[in-house]
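Asks: Compute the structure for the input listed below.
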Amino acid sequence: MNQFAAGDVPKALLEQLAQASDDDEALVHLEQWLALAPIDRRAHETLLARLARRGQLREGEAHLAATVALFDAEGL
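Replies: Next up is the predicted model:
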């Protein structure tokens with residue numbers, strides 16, 4: 001029996017790629033990860049950390065506002 005639920009392997013792979021890649025490539029992987037798992041807190045935290053490290057504070061604030069709205073809409 002497979003121990004992973006459908007979608008867990010791609011998400012785990014994208015998480016590893018995002019953490020191991022340079023900033024530009026990591027952002028691509030993070031966008032893909034968020035597309036697969038839009039309410040995965042780790043993906044959002046990782047993206048915000050990457051944006052902060054790059055000095056992209058406005059982008060981080062915009063993403064945070066959009067994420068809060070998404071989580072509110074989902075009742076989380």
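
Asks: and the longest helix along the chain, what does it pack onto?
Replies: In the chain, ranked by residue count with DSSP state H as the criterion, the top helix is helix 57-73. Packing partners of helix 57-73 (3 or more Cβ pairs under 8 Å, 6 or more residues apart in numbering; DSSP states H and E): helix 41-53. No exception for glycine: its C-beta is placed from N, CA and C like everyone else's.

Asks: buried ones in the helix it packs on?
Replies: Residues 43-44, 46-48, 50-51 are the ones in helix 41-53 that count as buried (16 or more other Cβ atoms under 10 Å).

Asks: Tabulate those in CSV, adding columns for pLDDT and distance to Asp24.
Replies: As requested, the buried residues of helix 41-53 are exported to CSV (pLDDT from 0 to 100; distance: Cβ to Cβ, whole Å):
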residue, pLDDT, distance to Asp24
Ala43, 93, 17
His44, 93, 19
Thr46, 93, 15
Leu47, 94, 13
Leu48, 94, 17
Arg50, 92, 10
Leu51, 93, 12
